[in-house]
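Enquirer: Based on what follows, work out the 3D shape:
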Amino acid sequence: QVQLVESGGGLVQAGGSLRLSCVASGRTFSTYAMGWFRQAPGKEREFVAAITWNDGRTYYADSVTGRFTISRDNAKNMVYLQMNSLKPEDTAVFYCTAGRMIATAPSLYDYWGQGTQVTVSS
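Expert: Just a heads-up that it's a prediction; the model follows:
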């Protein structure tokens, strides 16, 4: 069992930065792939970024490549999403997730946090 709690969301102007954090509980955290998804009002939940559990390979949605960076610290049970050059279209609730494999489909992840709101003003 893995429990996830996100933090770090907020209101930022376009072009600004935010760093999201996700703390995980559970002894097997380090064996899970970790990801970030987001969901804007009226839209489906979409993949943002993911990182493997062992060698730290990262994967990004095209819309955030070059602007967002995912990282993890297995010793601290933490995963992060550094978001730079934010745009109004990045406004969404961001969710931390854990799964046994890297995937872009939310149904393939096993555990989810409650989400943190990110709002980017123009």
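
Enquirer: Do I have it right that residue 71 meets residue 79?
Expert: Yes: Residue 71 sits in contact with residue 79 when judged by C-beta atoms under 8 Å, with a separation of 7.2 Å. Using the backbone N, CA and C atoms, a C-beta is placed for each residue, glycine as well.

Enquirer: Neighbour count: these two, which is higher?
Expert: A side-by-side neighbour count of residue 71 and residue 79, using other C-beta atoms under 10 Å, places residue 79 first with 29 against 15.

Enquirer: Now the common contact residues for residue 71 and residue 79.
Expert: Residues touching both residue 71 and residue 79 by C-beta atoms under 8 Å, 6 or more residues apart in numbering: residue 51.

Enquirer: if I look at the residue nearest the centre of the chain, how far off is residue 122?
Expert: Using C-alpha atoms, centre = their mean, the residue of the chain that lies closest to the mean C-alpha position is residue 36, 2.3 Å off. In this view, residue 36 and residue 122 are 23 Å apart by C-beta to C-beta, to the nearest Å.

Enquirer: cool, and residue 11?
Expert: With distances defined as C-beta to C-beta, the gap from residue 11 to residue 122 amounts to 12 Å.

Enquirer: who's more crowded, the two?
Expert: Neighbours per residue (other C-beta under 10 Å) separate residue 11 from residue 122, with residue 11 holding more: 12 against 9.

Enquirer: In contact with that one: list those residues for me.
Expert: Applying C-beta under 8 Å, 6+ apart, we find residue 11 in contact with 119-121.

Enquirer: which of those tops the neighbour count?
Expert: Across these, the neighbour count under other C-beta under 10 Å reaches its highest value at residue 120, namely 20 neighbours.

Enquirer: can I assume it sits in a helix?
Expert: No: Residue 120 is assigned strand when assessed by DSSP: H, G, I helix; E, B strand; the rest coil, not a helix.

Enquirer: hang on, it packs against residue 88?
Expert: Yes: contact between residue 120 and residue 88 holds when scored by C-beta under 8 Å: they sit 5.0 Å apart.

Enquirer: Report the contact partners of residue 100.
Expert: The neighbours of residue 100, taking C-beta under 8 Å, 6+ apart as the test, are 32-33, 110.
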